[in-house]
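Q: Fold the following, please.
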Amino acid sequence: MAASNPAIEARAITKIFHSAGNASFKALDRVSVAIRENEFFTLLGPSGCGKTTLLRLIAGFEYPDEGEILLNGRDIALLAPHERPVNTVFQSYALFPHMTVGQNIGFGLEMLGKPRREIAARVDEMLRLVRMEALKDRRTSQISGGQQQRVALARALAPQPKVLLLDEPLSALDYKLRKEMQIELKRLQHETGITFIFVTHDQEEALTMSDRIAVMSGGSILQVGTPRDIYDRPDKRFVADFIGEANFLPAQVLSSAGDRAKVTLGAGGEILAGLPHGTQPQGQITVMVRPEHAEIAGTDADATLSGTLESAVYFGTDTHLNVRLGDGSNFVVRRQNDRCADHGFAPGMPVGVRIRDGAAQVLRD
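A: You can find the predicted model right below:
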């Protein structure tokens with residue numbers, strides 16, 4: 001997982017939490033990852049997977065039991081939080097309600113002993129960055145949740161940290177505001193050039209904002225890659241299942257060459273499927289097909305699979321067609337809606353499913 005010019009690098013990090021009765025829980029198990037300079041990097045996974053623990057170790061709020069944490073090549077694993085050029089935006093924002101917006105943004109600079117003139121200039125710069133100049137003198141208890149989130153970002157960015165850590169900062173916002181703030185966060189990261197490390201369990205959020213994503217489960221990193229890599233070419237079934245919707249089909253490998261394998265599906269036809277990097281599988285395997293990467297076809301020789309349409313569920317932008325295959329398994333096809341035409345499918349009718357070569361991905365497990 002080495003990266004050129006890593007801003008943060010975790011090397012074989014293990015973290016164990018102990019509780020009463022000598023019980024222990026391994027939150028991180030020899031985790032290694034390199035995060036590049038000027039990168040928007042996301043730690044993604046379900047609750048309890050270790051993503052926030054890793055963030056807290058980078059921030060200095062926890063210390064590892066084993067391993068190293070490097071910032072620009074320097075081991076910072078045992079440094080106190082204030083000794084690290086790292087800032088954190090928390091889920092709760094932690095603003096001072098009795099202070100104005102400008103005072104909140106400048107607070108950290110005051111604690112660092114910066115001159116008043118420098119603080120005033122930096123506060124004005126941050127207000128322009130988050131587009132809140134008009135609210136400089138308003139108390140944070142008198143502004144909206146989205147505005148509070150921008151103040152928290154501005155305060156964290158004001159000391160010009162090398163790395164900004166964001167612990168699910170959008171989770172308290174409503175859906176529309178959260179979408180707006182995703183765009184704002186990406187803009188801020190691009191304009192400041194600071195490395196952002198973002199923690200979330202929201203798959204759509206990760207895909208929308210990230211340069212790269214690390215998918216975590218059970219205290220380990222399962223896969224690191226671009227959003228397209230993670231979505232279209234997952235290595236493992238957990239990754240494929242956690243990121244979006246997926247159809248899983250048992251299959252048999254007939255042959256393989258390079259990054260493709262010819263497989264025969266348990267429910268019917270033969271296709272070429274993509275292979276995870278460095279694998280040459282044999283025998284029984286599982287392949288993954290995204291619903292939007294398959295098509296409903298006629299029940300002719302051109303169809304890869306055949307079955308019966310069980311339901312058609314309208315979602316506005318698209319319709320989900322649920323097909324019961326000949327082996328009894330379910331397969332979902334996502335079809336984009338056309339305002340001027342109905343898809344013309346009715347439950348109970350026989351249908352075929354076409355999977356084009358390269359649309360399927362072989363999984364490691």
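
Q: Mind picking out the helix or strand in this protein with the poorest mean pLDDT?
A: Every helix and strand of the chain was ranked by mean pLDDT, DSSP states H and E. The lowest is helix 175-192, at a mean of 88.

Q: quick one: average confidence on stretch 328-340?
A: Mean pLDDT, stretch 328-340: 88.

Q: before we move on, what about stretch 37-44?
A: For stretch 37-44, the mean pLDDT works out to 96.

Q: Quick one: classify Glu110 as helix, strand or coil.
A: Three-state call for Glu110 (DSSP: H, G, I helix; E, B strand; the rest coil): helix.

Q: Over to Ala134?
A: Put simply, Ala134 is helix when judged by three-state DSSP.

Q: swap in Glu205?
A: Here Glu205 is recorded as helix under three-state DSSP.

Q: Specify the angle between the helix or strand following the least confident helix or strand of the chain and helix 175-192 in degrees.
A: Later in the chain than helix 175-192, the nearest helix or strand by DSSP states H and E is strand 195-200. With axes from the mean of the first three to the mean of the last three CA atoms, to 10 degrees defining the directions, strand 195-200 sits at 160 degrees from helix 175-192.

Q: So Phe331: helix, strand or coil?
A: Going by three-state DSSP: Phe331 is strand.

Q: buried stuff in the least confident helix or strand of the chain?
A: For helix 175-192, a neighbour-count test (16 or more other CB atoms under 10 Å) marks 177-178, 181-182, 184-186, 188-189, 192 as buried. For glycine as for every other residue, the C-beta is placed from the backbone atoms N, C-alpha and C.

Q: same question, stretch 246-254
A: Residues 246-247, 249, 251, 253 are the ones in stretch 246-254 that count as buried (16+ other CB under 10 Å).

Q: so can I have CSV of those residues showing secondary structure and distance to Ala27?
A: Formatted as CSV, these follow (DSSP: H, G, I helix; E, B strand; the rest coil; distance: CB to CB, whole Å):
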residue, secondary structure, distance to Ala27
Ala246, coil, 28
Asn247, strand, 33
Leu249, strand, 34
Ala251, strand, 36
Val253, strand, 37
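
Q: Quickly name whichever of those residues is closest to Glu62.
A: Distance ranking of these against Glu62, using CB to CB, places Ala246 first at 34.0 Å.

Q: Identify the residues contacting that closest one.
A: Ala246 sits next to 240, 288-291 when contact means CB atoms under 8 Å, 6 or more residues apart in numbering.

Q: could you redo the last one with a cut-off of 10 Å?
A: 231, 234, 237, 239-240, 288-291, 293, 332, 361, 363 (CB atoms under 10 Å, 6 or more residues apart in numbering).

Q: Excluding residues flanking it in the chain, which one is nearest Asp229?
A: The spatial neighbour of Asp229 that comes closest, neighbours along the chain excluded (CB to CB, 6 or more residues apart in numbering), is Gln223 at 7.9 Å.

Q: Bridging across strands, which residues link to the one you found?
A: Val215 (DSSP bridges).

Q: So which other helices or strands are in contact with the least confident helix or strand of the chain?
A: If contacts are counted by 3 or more CB pairs under 10 Å, 6 or more residues apart in numbering; DSSP states H and E, helix 175-192 sits against strand 40-44, helix 116-129, helix 145-157, strand 163-167, strand 195-200, helix 203-209.

Q: can you redo those as CSV with mean neighbour count?
A: Shown next, in CSV, are the helices and strands packed on helix 175-192 (neighbours: other CB atoms under 10 Å):
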stretch, mean neighbour count
strand 40-44, 26
helix 116-129, 15
helix 145-157, 22
strand 163-167, 23
strand 195-200, 24
helix 203-209, 19
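
Q: what's the closest of those to Leu79?
A: strand 163-167 (13.1 Å).

Q: what stretches of the protein score poorly on pLDDT?
A: Counting by pLDDT under 70, the chain contains low-confidence ranges at 1-4, 21, 301, 340-343.

Q: Kindly recompute the last result at 50.
A: 1-3 (pLDDT under 50).

Q: Going along the chain, name the helices of it.
A: Secondary structure of the chain (DSSP state H): helices at 51-59, 101-111, 116-129, 145-157, 175-192, 203-209, 227-232, 237-242.

Q: how far away is the closest residue to Glu39 other than its chain neighbours from Glu118?
A: Among residues not flanking Glu39 along the chain, Asp211 sits closest, at 4.9 Å (CB to CB, 6+ apart). Counting by CB to CB, to the nearest Å, the gap from Asp211 to Glu118 is 32 Å.

Q: Ok, Leu79 next?
A: From Leu79 to Glu118 the distance is 25 Å (CB to CB).

Q: thinking again about what came up before, now, among the contacts of Ala246, which is nearest to Gln203?
A: Nearest to Gln203 among the contacts of Ala246 is Tyr231, at 8.8 Å by CB to CB.

Q: coming back round to it: and the buried residues of stretch 246-254 as a markdown table, adding distance to Asp300?
A: Putting those into a markdown table (distance: CB to CB, whole Å) gives the following:
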| residue | distance to Asp300 |
| --- | --- |
| Ala246 | 26 |
| Asn247 | 21 |
| Leu249 | 20 |
| Ala251 | 22 |
| Val253 | 26 |
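
Q: per-domain residue ranges of the chain.
A: 6-232, 246-362 (automatic domain parsing).

Q: just these: most buried one?
A: Each of those was scored by mean neighbour count; the highest is domain 6-232, a mean of 18, by mean count of other CB atoms under 10 Å.

Q: ok, Leu95 to Ile119 distance?
A: Separation of Leu95 from Ile119 (CB to CB) stands at 17 Å.

Q: which residues does Tyr93 contact?
A: For Tyr93, the contacting residues are 104, 140, 145, 148-153, 155, 169, 172, by CB under 10 Å, 6+ apart.
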